[in-house]
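Participant: test case, fold it:
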Amino acid sequence: MVRVQIDLTAPSAAWRAPCAPALTRAFAIAALLAALTGCATAQLDLIEPVKPAAREVTLSIVVLPGASLSDAQQSGLRTRLAARLAEGGVVVAAQPTQTSSVAEGRIADYEPGSRITRFFLPYLAGQGVFESSWLVKDLGGGTIGQCRIHGSVGWGGPRGGYDDLLDEAGRLLAACLSNQLDR
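Facilitator: Now for the predicted structure:
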């Protein structure tokens, strides 16, 4: 007589799927990529197209009572926007010139949120928000265009966050000023 004993508590090789290590690896890679990136979105609402296109502007930033920006944040915002405008082909002049326009931004909401909170509780807490409206004026003070740029960041790993949102806002502002809205 032959006696066979089967242990039903131990996993057998036949029970395990042959591709389990590959699926585990793929899931780990996907989770790592999600953790290292961020989710920042910005949107442009064109109110009045800029005519003629503004190729040189001076930036004027007005902080509305609902938004609170420190001097360092305001300086950082100006620097970041100027860099994105330059990338988009719009020259930012320190002082008005004969050929420049004035891009007056009214910052209604500037809330960087908490990157750590966004990382652990994505889309639930720590959200960053940016809301602005832009009047583009000629040197005489007449309005030649206007738009609204707003956005948020709800998930932010080490590489994603509020700076990405401000970069996207700068690119959208450059597109608005130069009438290149097909981007």
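
Participant: does residue 145 touch residue 54 like I think?
Facilitator: Yes - here residue 145 reaches residue 54: they are 7.5 Å apart, a contact under CB atoms under 8 Å. Bear in mind the C-beta positions are built from the backbone N, C-alpha and C, glycine included.

Participant: which residues are common contacts for those two?
Facilitator: Taking CB atoms under 8 Å, 6 or more residues apart in numbering as the criterion, residue 145 and residue 54 both touch 136, 177.

Participant: show me where the protein has its strands.
Facilitator: Applying DSSP state E to the chain gives strands spanning 38-48, 56-63, 91-92, 101-111, 128-137, 143-156.

Participant: each with direction, which strands does the shortest one pair with?
Facilitator: What it means is strand 91-92. Strand pairing for strand 91-92, determined by DSSP bridges: strand 56-63 (parallel).

Participant: okay, the strand it pairs with in PDB with CA atoms only?
Facilitator: C-alpha atoms of strand 56-63 as PDB (Å, rounded to 0.1, in the frame of the first residue of the first chain):
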ATOM      1  CA  GLU A  56       7.500  92.300 -25.600                       C
ATOM      2  CA  VAL A  57       5.900  93.000 -22.200                       C
ATOM      3  CA  THR A  58       6.500  94.300 -18.800                       C
ATOM      4  CA  LEU A  59       5.000  92.200 -16.000                       C
ATOM      5  CA  SER A  60       2.900  93.800 -13.400                       C
ATOM      6  CA  ILE A  61       1.600  91.500 -10.600                       C
ATOM      7  CA  VAL A  62      -1.200  92.600  -8.400                       C
ATOM      8  CA  VAL A  63      -2.100  90.300  -5.400                       C
END
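
Participant: and the angle for it with strand 128-137?
Facilitator: Orientation of strand 56-63 against strand 128-137 (axes from the mean of the first three to the mean of the last three CA atoms, to 10 degrees) gives an angle of 130 degrees.

Participant: what's the angle from strand 56-63 to strand 101-111?
Facilitator: Counting by the same axes, to 10 degrees, strand 56-63 lies at 30 degrees to strand 101-111.

Participant: looking at strand 56-63 now, give me its mean pLDDT.
Facilitator: On average, the pLDDT along strand 56-63 is 94.

Participant: next, the buried residues of that strand.
Facilitator: Buried residues in strand 56-63, counted by 16 or more other CB atoms under 10 Å: 56-59, 61, 63.

Participant: what residues does residue 177 make contact with?
Facilitator: 50, 53-54, 57, 85, 88, 90, 101, 103, 136, 145.
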